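Novice: Requesting a structural model of the entry that follows:
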Amino acid sequence: MKRLTAYLTRLFVTDAAILFGVVCFLLWLVNCLRSFDVVAVKGQGILTLGLQGLLTLPTLAISFFYVCIGIGLARALQALQANRELHIIHISGGLRSLWSATAIVAAGGVIGVLLLSNFVEPYANRQLNELTASVAADLVSSTLKPKRFTQVTPGVVMLIGGRSGDGEIQEFFVDDRRDPKTRRTYVAKTARVASDGKNYVLELRDGSLQNTEPSGRFSEITFGRYDINVDRFSQPVGEPNELQQTDSLSLIQQAMASGEWSPELRRVLGDRGAEGLRVIGICLLVLAMSGFPSGRRARFDVPLEAVVLLITFGERGLSAYSPWGPATGAMGMIIIGGGALLLLARPRRPLPGIAA
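Specialist: Next up is the predicted model:
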C-alpha cells in the first residue's frame, strides 16, 4: 500500500470510527433511559439495565453505520480541501490513491455492517429475549406487588391477589392488548413460575382464557391447568420472531435442507444484505460530491454533513416503500454516485493555446 493511500485510509477511518463510537454511546444512554422501568418498576439492578441497553444497540447501530461512514468520509475530504491537500493529490497524479483509500474504507464498512446485521444483531436479539423473559419471570414470581396493576411490557398488565410462602401466586390476572385484533384476558385462582433450565413456564390453575374481538364477539375457555411460556408476555408483539433471532448462515442452511424459501425469509435476508450496498452507495456519493476540488464559491454554504443526512433519510424512505425491495435506495445511490464519478474523472481535452 502506498503511503498516500495509507494516509488517506487512516484519515477516513479515524473520522468515521470516532463518530460511530459517539453515536453508539449516545444510543446506549437513550436505550437505558427508555428502559429505566426495569429498575424503577420491575426491581432489577443497574447491571441488568445496562445489559438490556447494550443488547438493543445493534439494531440501531446498523441504521446509523453507513451514515457515520458517509459523514466521516465527507469531513475528511472537506479537511483535505480546506488545507489544499486535495488539490495537490489531483495535480500530482494521486487520484488512484484516493480511489484505493475510499475502496478500502467501503470494503471494510461492508464487512463490518454485514457482520453486524447477519450475526451480531440476531445473537443480540436472542439474548435480549432471554433476558426479557428472565426479568418477566422474576417480576411475576417475586417482585410483583399484590393488589397492584403492573405493566410487564407495553400492552400487557398483570395483577395478583397475594403470594404464599412457597411462592405460589393467588388470584392471578393478565390483560393482553398487544394484538389489535384480539384482546386476551387470563384469569386463574393460582399460578406458579417454573423453569426447565432453558425456558420459564407460567403454570395457571383453575381459570379461564377470554378472547374479545373489536366487533364485540366474546369467547371463553375454562381450564384446570394451563401452561404458557413467560416470554409470551415479555415480547412487545407477543410471539418472538425466530427469523430475527437466527443468523443468516443458519437460515440459509435450514432453507437449503428443507427446500423452502418463504417470502419472510427472503425479506429478512434481503434487508440484511442491503446494508452492505448502502455503505458502497454512500461512499460513492460522498466521493463524487467532495472528492474533486472546485474553485467556485457557493452562494449558500450548506454543511455536507446535513446533505449526507438528507440523502440517507431519503434512501431509507425510498427503500421502505419501494416495490422493488429494500435495496432500491442503495442501488440508486450506487448508480448516481458511480455515474457522477465516471463523469468527473473522465479525461479532459487540454485547452487550446492563445495565439499571440
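Novice: Show me which helix runs longest in the protein.
Specialist: As assigned by DSSP state H, the longest helix anywhere in the chain is helix 3-34.
Novice: Pull out the buried residues from it.
Specialist: Buried residues in helix 3-34, defined by neighbour count with 16 or more other C-beta atoms under 10 Å: 4-5, 8-9, 11-13, 15-16, 19-20, 23-24, 27-28, 31-32. Any C-beta I mention is one placed from the backbone N, CA and C, and that applies to glycine too.
Novice: C-terminal to that helix, which secondary structure element comes first?
Specialist: The C-terminal neighbour of helix 3-34 among helices and strands, as given by DSSP states H and E, is helix 37-40.
Novice: Packing partners of that next one?
Specialist: With contacts taken as 3 or more C-beta pairs under 8 Å, 6 or more residues apart in numbering; DSSP states H and E, helix 37-40 sits against helix 46-55.
Novice: gap between the following helix or strand past the helix it packs on and the chain center?
Specialist: With elements assigned by DSSP H and E, the helix or strand that comes after helix 46-55 is helix 57-82. Distance, stretch centre to chain centre, for helix 57-82: 16 Å (C-alpha atoms, centre = their mean, to the nearest Å).
Novice: quick one: the helices in the stretch 251-356 of the chain?
Specialist: 263-290, 304-321, 328-344 (DSSP state H, counting those that start in this stretch).
Novice: Can you pull out the low-pLDDT segments for the stretch 151-300 of the chain?
Specialist: Low-confidence segments of the stretch 151-300 of the chain (pLDDT under 70): 197, 236-240, 294-300.
Novice: Tell me the bridge partners for Arg225.
Specialist: On the basis of DSSP bridges, Arg225 is bridged to Arg205.
Novice: next one: the one 4 residues further on
Specialist: Here Asn229 shows beta-bridge partners Val201, assigned using DSSP bridges.
Novice: so who does it touch?
Specialist: 133, 199-202 (C-beta atoms under 8 Å, 6 or more residues apart in numbering).
Novice: Nearest to Leu269 among the residues you listed?
Specialist: Set against Leu269, the nearest of the contacts of Asn229 by C-beta to C-beta is Ala133 (26.4 Å).
Novice: right, and that closest one touches Ile228 too?
Specialist: No: counting by C-beta atoms under 8 Å, Ala133 sits too far from Ile228 to count as a contact (11.8 Å).
Novice: Looking at those two, which is more packed in?
Specialist: Ala133 (20 against 15; other C-beta atoms under 10 Å).
Novice: Nearest residue to that one in space, please, no chain neighbours.
Specialist: Asp231 (3.9 Å; C-beta to C-beta, 6 or more residues apart in numbering).
Novice: The one you found - how many residues pack around it?
Specialist: Neighbours around Asp231, by other C-beta under 10 Å: 21.
Novice: who's in contact with it?
Specialist: Going by C-beta under 8 Å, 6+ apart, the list of residues near Asp231 reads 129, 132-133, 136, 199-200, 240.
Novice: gap between it and Arg75?
Specialist: Distance from Asp231 to Arg75, counting by C-beta to C-beta, to the nearest Å: 43 Å.
Novice: Kindly report the same for Lys181.
Specialist: 48 Å.
Novice: residues touching Thr185, list them.
Specialist: Neighbours of Thr185 in contact, by C-beta under 8 Å, 6+ apart: 173-176, 209-210, 212.
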